[in-house]
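Visitor: here is my input, please return the structure:
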Amino acid sequence: MSLVKFDVDGDLGYLTVDNPPLNLMSQGVIDDFTAAVDQISVAPIRALLIRSEGPHFMAGADVHIFQGKSAGQARAMFARALPAFARLEELPFPTVVAVQGLCLAAGLELALSADILVAGESARFAQVERHIGTTTLLGGVQRLAERAGSARAKQIIFDGDQYSAAQFAQWNIVNHVVPDAELHERAEKLARHYAGGPTRALAAGKTLIRRYLDVGIRNADHSVLESATELFETEDMRSGVEKLLREGPKAVVGNQAFTGR
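Guide: Sure thing, here's the model as predicted:
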């Protein structure tokens with residue numbers, strides 16, 4: 001039985017972790033996650049929803065995978081896992097994650113790999129690696145710094161404390177906090193909204209943000225000439241411009257149907 005499943009319903013893909021009772025990041029989860037990302041990378045979808053079964057999103061790693069490892073063995077293990085997380089981040093369409101219950105350590109790192117983080121109001125977040133004498137191993141601290149700033153990221157990893165969804169939203173780590181009972185419905189609705197959007201335009205936006213974060217505004221400006229101008233030849237932009245000119249702003253804001261082409 002796969003511990004991480006990938007399913008498709010129309011234009012929306014679903015990546016689901018199912019490793020009860022706490023959905024810990026075991027070696028099996030890492031292997032199945034990597035295989036699922038391989039499938040997602042070639043799937044004909046326009047958005048992805050990341051979720052997990054049970055009351056908790058993911059309560060960290062199964063520490064059995066750390067026991068007795070040498071530095072070289074640890075390096076080999078994470079050299080396989082880290083590229084899968086990076087490929088998830090770089091998908092050419094929006095990704096949404098729905099977080100319930102505990103989202104700790106590796107779970108938070110998985111959640112941070114998504115574009116948009118939706119949390120149930122009782123969700124709890126932490127990077128707890130300090131308590132066993134290590135640090136984030138799947139890119140967590142640098143992604144916290146990217147969202148919340150370096151001082152806040154240091155606080156989160158130095159203290160190892162748990163934080164509420166509301167606190168993480170205040171720090172710009174969580175995008176939306178919703179009632180627990182509505183979490184999965186609201187996250188899926190948002191993901192479907194993105195799946196119905198101008199996919200190539202949203203992908204170009206992701207590329208420009210990534211370019212800015214990696215190498216600064218001036219280099220991102222140069223990337224506009226490579227990625228954004230190509231949108232002028234897409235079906236979505238051409239139809240959107242024509243409809244706007246023909247029928248006015250009210251006809252396109254929230255009403256335009258996009259094909260993703």
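Visitor: please identify the helix or strand for K154.
Guide: Here K154 sits within helix 150-159, counting by DSSP states H and E.
Visitor: got the buried residues for that helix?
Guide: By neighbour count with 16 or more other CB atoms under 10 Å, helix 150-159 contains the buried residues 153, 156-157. Backbone N, C-alpha and C define where each C-beta goes, glycine included.
Visitor: would JSON lines of these with pLDDT be doable?
Guide: Listed next are these as JSON lines, based on pLDDT from 0 to 100:
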{"residue": "A153", "pLDDT": "97"}
{"residue": "I156", "pLDDT": "97"}
{"residue": "I157", "pLDDT": "97"}
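Visitor: for those, which one is nearest N172?
Guide: Using CB to CB, the shortest approach to N172 within those belongs to A153, at 11.6 Å.
Visitor: the closest one reaches A145, doesn't it?
Guide: Yes - using CB atoms under 8 Å, A153 makes contact with A145 at a distance of 3.9 Å.
Visitor: what about the helices in the stretch 151-261 of the chain?
Guide: For the stretch 151-261 of the chain, the helices defined by DSSP state H, counting those that start in this stretch occupy 165-170, 183-195, 199-215, 217-223, 235-247.
Visitor: make a markdown table from those helices and add distance to F6, mean pLDDT and mean neighbour count to it.
Guide: Listed next are the helices of the stretch 151-261 of the chain as a markdown table, based on distance: least, CB to CB, whole Å; pLDDT from 0 to 100; neighbours: other CB atoms under 10 Å:
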| stretch | distance to F6 | mean pLDDT | mean neighbour count |
| --- | --- | --- | --- |
| helix 165-170 | 26 | 98 | 18 |
| helix 183-195 | 14 | 97 | 19 |
| helix 199-215 | 18 | 92 | 17 |
| helix 217-223 | 30 | 84 | 12 |
| helix 235-247 | 26 | 83 | 14 |
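Visitor: between those helices, which one is nearest to L88?
Guide: Checking those against L88 by CB to CB gives helix 199-215 as the closest, at 12.2 Å.
Visitor: with only the CA atoms kept, save the closest one in PDB.
Guide: The C-alpha trace of helix 199-215 is given here as PDB (Å, rounded to 0.1, in the frame of the first residue of the first chain):
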ATOM      1  CA  THR A 199      -2.300  28.500 -16.000                       C
ATOM      2  CA  ARG A 200       0.600  29.800 -18.100                       C
ATOM      3  CA  ALA A 201       0.200  33.300 -16.700                       C
ATOM      4  CA  LEU A 202       0.200  32.000 -13.100                       C
ATOM      5  CA  ALA A 203       3.300  29.900 -13.900                       C
ATOM      6  CA  ALA A 204       5.100  32.900 -15.300                       C
ATOM      7  CA  GLY A 205       4.200  34.800 -12.100                       C
ATOM      8  CA  LYS A 206       5.800  32.000 -10.000                       C
ATOM      9  CA  THR A 207       8.900  32.100 -12.200                       C
ATOM     10  CA  LEU A 208       9.300  35.800 -11.700                       C
ATOM     11  CA  ILE A 209       8.900  35.600  -7.900                       C
ATOM     12  CA  ARG A 210      11.400  32.800  -7.800                       C
ATOM     13  CA  ARG A 211      13.800  34.800  -9.900                       C
ATOM     14  CA  TYR A 212      13.500  37.800  -7.700                       C
ATOM     15  CA  LEU A 213      14.000  35.700  -4.500                       C
ATOM     16  CA  ASP A 214      17.100  34.000  -6.000                       C
ATOM     17  CA  VAL A 215      18.900  36.900  -7.700                       C
END
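Visitor: ok, now which ones touch Q162?
Guide: Residues near Q162 by CB atoms under 8 Å, 6 or more residues apart in numbering: 104, 124-126.
Visitor: what's it sitting at in phi/psi?
Guide: Main-chain dihedrals, Q162, degrees, to the nearest 10: phi -90, psi 140.
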